[in-house]
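S.K.: only geometry, no sequence info:
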């Protein structure tokens, strides 16, 4: 097993220090995921940038949450599931949506359910969607831009989920109540 370091602003590699400062400013803390990623300034920078781009992709807070949590659940990410539950609450996502994603029950909004189903299919089938899956997605009001936004979300979550699996990243105190 590999040991990973939880870096802080003083111990991180020089190139990671401004990135951790940005995390501190954005979250009021340095999330343990970022502290682990600081080992590779390139990964931390890529993760932060892809996160920003995904939040600017045109999906609303509930849709972002559906994509994130669908991927986190598929990857069984012990860290990201509670972290994104906390984030969803902070983004004022409907608690029924948050609970459905946590328990794996049907989402209360059919459009969000289609988004979940499509995201899950894309992750599970490595980017392959049947014509029927695409038709359902488009009939729900989504378009090609939204499919590509999901791909962007998948890239973000692969970075974090895989890092957390490798590092066994400890869940931060503020997220523990959502385990």
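M.R.: Here it is on my side, so go on. All of these numbers come straight from a predicted model, not from anything done at the bench.
S.K.: so how far is the helix or strand containing residue 101 off the chain centroid?
M.R.: Per DSSP states H and E: residue 101 is located in helix 95-103. In terms of CA atoms, centre = their mean, to the nearest Å, the centre of helix 95-103 is set 15 Å apart from its chain centre.
S.K.: Can you get me a residue count around the nearest residue to residue 22 once chain neighbours are set aside?
M.R.: In space, residue 22 comes closest to residue 48 once its chain neighbours are excluded; the distance is 6.6 Å by CB to CB, 6 or more residues apart in numbering. (Each C-beta comes from the backbone N, C-alpha and C, glycine too.) When counting by other CB atoms under 10 Å, one arrives at 19 neighbours for residue 48.
S.K.: ok now do residue 48, which residues does it touch?
M.R.: By CB atoms under 8 Å, 6 or more residues apart in numbering, the contact list for residue 48 reads 19, 22-23, 34.
S.K.: ok, 10 Å please
M.R.: 19-20, 22-23, 26, 34, 37, 156, 159 (CB atoms under 10 Å, 6 or more residues apart in numbering).
S.K.: Next, format these as TSV and append secondary structure.
M.R.: What follows is those, written out as TSV (DSSP: H, G, I helix; E, B strand; the rest coil):
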residue	secondary structure
19	helix
20	helix
22	helix
23	helix
26	helix
34	helix
37	helix
156	helix
159	helix
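S.K.: Tell me the most packed of those, by neighbour count.
M.R.: Most surrounded of the contacts of residue 48: other CB under 10 Å gives residue 37, at 30 neighbours.
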